[in-house]
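Chemist: What would the 3D arrangement of this be:
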Amino acid sequence: MNRVYNFSAGPSMLPEAALKKAADEMLCYGTSGMGVMEMSHRSKVYEEIIFGAEKLLRELMDIPDKYKVLFLQGGASSQFAMIPLNLMKKSGKADFVITGQWAKKAAEEAAHYGIVNKVASSQDATFNYIPELDESKFDKDASYFHITTNNTIYGTRFTKLPSTGDVPLVADMSSNILSEVYNVSDFGLIYAGAQKNMGPAGLTVVIIREDLIGNAMDITPTMFNYKTHSENDSMYNTPPTYSIYMMKLVLEWLKDLGGIPAIQKINEEKAQILYDFLDNSKMFSGTVVKKDRSIMNIPFIANTDELNDKFLKEASANGFVNLKGHRSVGGMRASIYNAMPTEGVVALVELMKKFELGN
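Modeler: Okay, the predicted model is just below:
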């Protein structure tokens, strides 16, 4: 069996150690006599899994006691509605920084429930930079201030968080959670789809400060109320049991590696290998303003569309898959999440060097 180097933006590759352990436990988890997919979420053995996953996440991210960790479904896209339904009641207003497609969709959804103030946007340059923020444009009465910390499609990230004072900072961390150290106390709410850095698709993680729970609008459906899930330990209904189990295995792998500080160092080194090549290549170039470059998603282009297509075909034939860039950017995109080994990035650069020499 030959494993490819999978540069998919999500669902993405998972650590081999986690996959192998899952394979070993597929038919029988521990002494339970059954696989995790077959278990009741109400059983003692599954409670050990879900509470163990939460404990590991709290340890790795140093999550304070005053925050609740919720394991939900519906992806980050459901959070686009869930957040305003639960947080916007205070003033009926929210601030947004528009740095990509997902931030734009979050703002559009929030506009159904209140007034959206677009503090800044980088849409004028196809979102290839993070805009400078003018604090005089921040609304001190906003119910929350929303950012997308890392932009999967466009390859940008916030290197400095906005200072929002008493207004809760809300962050979509879907594509960079667990990849670098954050102080959770800087945020009122963090949310992330799991399928990029945490585990397989089907799980959405929400980390929310307790004082932000219990303020939902009257129209909020039961399943979209954070209080529902907080009071029931994420088991009001059947949670995505296997995805949570897989996340626990990924978190165990990350802990064994040395935690988030250790993986951040590896991620920065991986990204630098690819950026160094792009900055010196005569054929390939990055598409993002240097100071705002992501260490997770790296879009790049060749000199012509024909060369882009030719490179993608050659890469796929050599076991480098899912490198095609998003249609709004074109070219290529290498998503190098936590599970992508350094040798995968080194091998990609070697392929690019060889392709450049031959074309």
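Chemist: distance between stretch 323-335 and the chain's centre?
Modeler: Mean-position distance between stretch 323-335 and its chain equals 17 Å (Cα atoms, centre = their mean, to the nearest Å).
Chemist: Now do the buried residues in it.
Modeler: 323-326, 329, 331-335 (16 or more other Cβ atoms under 10 Å). Quick note: C-beta positions are derived from backbone N, CA and C, even for glycine.
Chemist: My reading is that Val116 is in a strand; is that accurate?
Modeler: Yes: applying DSSP: H, G, I helix; E, B strand; the rest coil, one finds Val116 inside a strand.
Chemist: show me where the chain has strands.
Modeler: Along the chain, the segments classed as strands by DSSP state E run 5-6, 67-72, 93-98, 115-121, 145-148, 150-151, 156-157, 169-172, 189-193, 204-209, 285-286, 297-301, 320-321, 332-335.
Chemist: Comparing the ones you listed, which comes out most buried?
Modeler: A comparison of the strands of the chain by mean neighbour count, using mean count of other Cβ atoms under 10 Å, puts strand 150-151 on top with a mean of 28.
Chemist: counting contacts, what elements does that strand pack onto?
Modeler: Counting contacts by 3 or more Cβ pairs under 8 Å, 6 or more residues apart in numbering; DSSP states H and E, strand 150-151 packs against strand 156-157.
Chemist: Run through the neighbouring helices and strands of the strand it packs on.
Modeler: Using 3+ Cβ pairs under 8 Å, 6+ apart, strand 156-157 sits against strand 150-151.
Chemist: Output the strands of the chain as JSON lines; include the columns distance to Lys270.
Modeler: Listed next are the strands of the chain as JSON lines, based on distance: least, Cβ to Cβ, whole Å:
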{"stretch": "strand 5-6", "distance to Lys270": "12"}
{"stretch": "strand 67-72", "distance to Lys270": "28"}
{"stretch": "strand 93-98", "distance to Lys270": "27"}
{"stretch": "strand 115-121", "distance to Lys270": "29"}
{"stretch": "strand 145-148", "distance to Lys270": "22"}
{"stretch": "strand 150-151", "distance to Lys270": "15"}
{"stretch": "strand 156-157", "distance to Lys270": "14"}
{"stretch": "strand 169-172", "distance to Lys270": "23"}
{"stretch": "strand 189-193", "distance to Lys270": "20"}
{"stretch": "strand 204-209", "distance to Lys270": "23"}
{"stretch": "strand 285-286", "distance to Lys270": "15"}
{"stretch": "strand 297-301", "distance to Lys270": "9"}
{"stretch": "strand 320-321", "distance to Lys270": "15"}
{"stretch": "strand 332-335", "distance to Lys270": "10"}
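Chemist: could those be laid out in a markdown table, adding distance to Glu59 and mean pLDDT?
Modeler: Listed next are the strands of the chain as a markdown table, based on distance: least, Cβ to Cβ, whole Å; pLDDT from 0 to 100:
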| stretch | distance to Glu59 | mean pLDDT |
| --- | --- | --- |
| strand 5-6 | 28 | 98 |
| strand 67-72 | 11 | 98 |
| strand 93-98 | 30 | 98 |
| strand 115-121 | 34 | 98 |
| strand 145-148 | 25 | 98 |
| strand 150-151 | 22 | 98 |
| strand 156-157 | 24 | 98 |
| strand 169-172 | 20 | 98 |
| strand 189-193 | 16 | 98 |
| strand 204-209 | 13 | 98 |
| strand 285-286 | 35 | 97 |
| strand 297-301 | 27 | 97 |
| strand 320-321 | 34 | 97 |
| strand 332-335 | 26 | 98 |
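Chemist: I'd like to know which of these lies nearest to Tyr242.
Modeler: Tyr242 lies closest, by Cβ to Cβ, to one member of those: strand 67-72, at 11.9 Å.
Chemist: Tell me how this structure divides into domains.
Modeler: In the domain annotation for the chain, the residue ranges read 17-256, 259-358 (automatic domain parsing).
Chemist: Pass me the low-pLDDT residue ranges in the stretch 1-150 of the chain, would you?
Modeler: Judged by pLDDT under 70, the stretch 1-150 of the chain has its weakly predicted residues at 1.
Chemist: which residues in it form helices?
Modeler: With DSSP state H, counting those that start in this stretch as the criterion, the stretch 1-150 of the chain has helices at 16-24, 44-61, 75-87, 101-110.
Chemist: List the buried residues in the second one.
Modeler: Meaning helix 44-61. For helix 44-61, burial by neighbour count (16+ other Cβ under 10 Å) applies to 46, 49-50, 53-54, 56-58, 61.
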